[in-house]
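S.K.: everything below, folded, please.
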Amino acid sequence: MEEKKYAIFDFDGVLADTERYYDVFWDEMGERYETGIPHFAGVIKGTTLPHILAKYFADRTEETRQRIAQESNKFDHEDIPFPPIPGSLEFVRELKANGIPVALATSSDDIKMERAFREMGIVGLFDAIVTADMIEHGKPAPDCYLLAAKKLGAKPSACLVFEDSFAGIEAAKAAGMRVVALATTNEAGKLKEKTERVIPNLEGKTVRDFQAWFE
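M.R.: Residues are numbered from 1 along each chain as shown. Sure, this is the predicted structure:
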């Protein structure tokens, strides 16, 4: 009997075309708070806010860290739009229609995702959801993907992850999962250095493609 297969999706840059807005926001934050890191948004991409604060602003006052967190949360919870990546939601629905369980594993928090689900009309679409609020260590640690597999009742080896960030690819591989990278945020050539399966996006992809990516 063939082993059941499962799909796990990142959110930003995979389902929603939000990374261009984050690039502007976090590059400006990096300059204003004097990190000294060129294209700060690219360095932190795919990681959680607690990780960003702990790694890049540990030397700042608690007041400064709280101010950065407040600005980030306002952007996430109120300001950022959620235009869908072409073909992504159609692909998720295609998998569900063919009996493939689907999960979401994101570095974003509950409040942002609740707003995103409402605005994108995808409430109830996923069989399991993991947000940054549910884990101790964010990407590139494997925690979110391992928890998603646990919620699905799946072995990691039976899961195929769809990612766009280097931190996310590292997290999925550390969890023992296959990865398909979408070149929506990073260059395809650079992604191929991290994983062998790289596609422009999920437009026109079907359950047959999903099955083929397991071979």
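
S.K.: how many other residues sit next to E28?
M.R.: Neighbourhood size, E28 [other Cβ atoms under 10 Å]: 13. All C-beta atoms are positioned from the backbone trio N, CA, C, and that covers glycine.

S.K.: and it, how far from L15?
M.R.: 25 Å (Cβ to Cβ, to the nearest Å).

S.K.: looking at whichever strand or helix holds K74 now, give me its mean pLDDT.
M.R.: In this structure, K74 is located in helix 62-74 according to DSSP states H and E. Averaging pLDDT along helix 62-74 gives 96.

S.K.: just checking, what packs against it?
M.R.: With contacts taken as 3 or more Cβ pairs under 8 Å, 6 or more residues apart in numbering; DSSP states H and E, helix 62-74 sits against helix 19-32, helix 49-56.

S.K.: which residues sit against the very next helix or strand once past that helix?
M.R.: Counting by DSSP H and E, the element after helix 62-74 in chain order, helix or strand, is helix 88-97. Applying Cβ atoms under 8 Å, 6 or more residues apart in numbering, the contact partners of helix 88-97 are 7, 9, 14-15, 102, 120, 122, 125-127, 201-203, 205-207, 210.

S.K.: show only the entries of these found in helices.
M.R.: Secondary structure from DSSP state H places 120, 207, 210 of the contacts of helix 88-97 in helices.

S.K.: how many residues are close by the first one?
M.R.: If you count neighbours by other Cβ under 10 Å, M120 ends up with 16.

S.K.: same question for the second one.
M.R.: Counted with other Cβ under 10 Å, residues neighbouring V207 total 17.

S.K.: same check on the one 3 residues further on?
M.R.: Residues lying near F210 (other Cβ under 10 Å) number 20.

S.K.: one more: G204?
M.R.: Residues near G204, counting by other Cβ under 10 Å, number 10.
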